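**Student:** could you work out the structure for the sequence below:
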Amino acid sequence: MENKNAKRIIIANWKMNPETLSEAKEILSAIKKEAKKIENINIVVAPPAIYLGRFKTGESDDVKLAAQNMHWEEKGAFTGEISSLMLKDAGVEYVIVGHSERRNYFGETDEIINKKLILALKNRLTPILCVGESFEEKRAEKTPEIIKSQLTKALENIRQKQVQSKNLLIAYEPVWAIGSGTTPSYDDVLSANLLIRKTINSIYGRGIAEKIPLLYGGSVNAKNAGGFIEKSRADGLLVGGASIKATEFLGIIRQLSII
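**Tutor:** Have a look, this model is predicted:
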């Protein structure tokens, strides 16, 4: 992001955690308390869907809500699914789309991800589009090919005017780093971010490519968080496991606040 005064973005993806609403409220309370002290970071929490309605927030809240997933239709006979309109009604502003766990465990294809992106943008939810390669793809030196393909297919039939810096976030999350304890080098992430911007430039032009915030996700902790911002040119972070440990997540927030 060219604007050095732009706020950093940190998103807590709780995945299927914690086990109870009381635990969830306790973590959220700690995050909100810290958020009141910090003005230069946008903090977003993505809890399990069952908690979203209980966390309903307003425009003045320091912490915004994200959904971990949504369906590609607004309503209908889709047992177990949640629509974008339901998310909007629950006070949700962001939605994670194309997370590697959705791709790998639930068979989400590039076509499905594209449909979700189109609907999220239509209903004014800000999508957090995730892209990244597997260990096998990295070993075969296919990282550039995979990232370019995922981006191009995800953004198919989405017009330039729909994609602005406030309408879309892109998260690079190397699949091999998620939950593995293995962290890519800052140069690896920098290369991926440059490739993402180059690909966006080829689709929408330089103006859009420079302004869309890029996040990094994968084994982020309080020790390495700052490096991904300073050395990898990331505009923010998508934090998984560390985000459900209040002390660790607050440490990450503090790291970003002093950069």
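
**Student:** from here on, contacts and neighbour counts on C-alpha atoms
**Tutor:** Noted.

**Student:** quick one: Lys7 from Tyr204, how far?
**Tutor:** Per Cα to Cα, to the nearest Å, Lys7 is found 23 Å from Tyr204.

**Student:** what's around Val44, how many residues?
**Tutor:** The tally of other residues near Val44 (other Cα atoms under 10 Å) stands at 22.

**Student:** what segments of the stretch 1-150 of the chain are helices?
**Tutor:** 21-35, 49-52, 84-89, 100-106, 110-122, 135-139, 143-154 (DSSP state H, counting those that start in this stretch).

**Student:** centre of the chain to the longest helix along the chain, how far?
**Tutor:** Longest helix in the chain by number of residues (criterion: DSSP state H): helix 186-204. Remark: helix 186-204 is offset 16 Å from the chain centroid, using Cα atoms, centre = their mean, to the nearest Å.

**Student:** quick one: buried residues of whichever helix or strand comes after that helix?
**Tutor:** Remark: after helix 186-204, the chain's next helix or strand is helix 206-211, criterion DSSP states H and E. By neighbour count on 16 or more other Cα atoms under 10 Å, the buried set for helix 206-211 is Ile208, Ala209, Glu210, Lys211.

**Student:** what's the answer for stretch 44-61, then?
**Tutor:** Val44, Val45, Ala46, Pro47, Pro48, Ala49, Leu52, Phe55, Thr57.

**Student:** in strands only, show me those residues.
**Tutor:** When DSSP state E is applied, those are split such that Val44, Val45, Ala46 fall in strands.

**Student:** residue contacts, the residue nearest to the last one when sequence neighbours are not counted?
**Tutor:** With sequence-adjacent residues excluded and distances taken as Cα to Cα, 6 or more residues apart in numbering, Ala46 is closest to Ala66, at 4.4 Å. If you count contacts by Cα atoms under 8 Å, 6 or more residues apart in numbering, Ala66 has them with Val44, Val45, Ala46, Pro47, Val92, Glu93, Tyr94, Val95, Ile96.

**Student:** again, only using 6 Å
**Tutor:** By Cα atoms under 6 Å, 6 or more residues apart in numbering, the residues touching Ala66 are Val45, Ala46, Val92, Glu93, Tyr94, Val95.

**Student:** Thr32: neighbouring residues, count only.
**Tutor:** Heads up, residue 32 is Lys, not Thr. 16.

**Student:** for the closest residue to it other than its chain neighbours, name its beta-bridge partners.
**Tutor:** Nearest residue to Lys32, sequence neighbours excluded (Cα to Cα, 6+ apart): Val63, at 6.2 Å. Beta bridges link Val63 to Ile43, judged by DSSP bridges.

**Student:** surely Val63 and Ile43 touch.
**Tutor:** Yes - between Val63 and Ile43 a contact is recorded at 5.2 Å, counting by Cα atoms under 6 Å.

**Student:** what residues of the helix or strand bottoming out on mean pLDDT in the chain count as buried?
**Tutor:** Each helix and strand of the chain was given a mean pLDDT (mean pLDDT, DSSP states H and E); the minimum falls on helix 135-139 at a mean of 90. Of all the residues in helix 135-139, those buried under the rule 16+ other Cα under 10 Å are Glu137, Lys138.

**Student:** repeat for stretch 171-187
**Tutor:** Ala171, Tyr172, Glu173, Pro174, Val175, Trp176, Ala177, Ile178, Thr183, Tyr186.

**Student:** show the end-to-end separation of it, please.
**Tutor:** Stretch 171-187 stretches 16 Å from its first residue to its last (Cα to Cα).

**Student:** what mean pLDDT does that stretch get?
**Tutor:** Mean per-residue pLDDT for stretch 171-187: 86.

**Student:** over to stretch 46-63?
**Tutor:** Stretch 46-63 comes out at a mean pLDDT of 86.

**Student:** again with stretch 157-167
**Tutor:** 90.

**Student:** endpoints of that stretch, how far apart?
**Tutor:** Start-to-end span of stretch 157-167 (Cα to Cα) is 16 Å.
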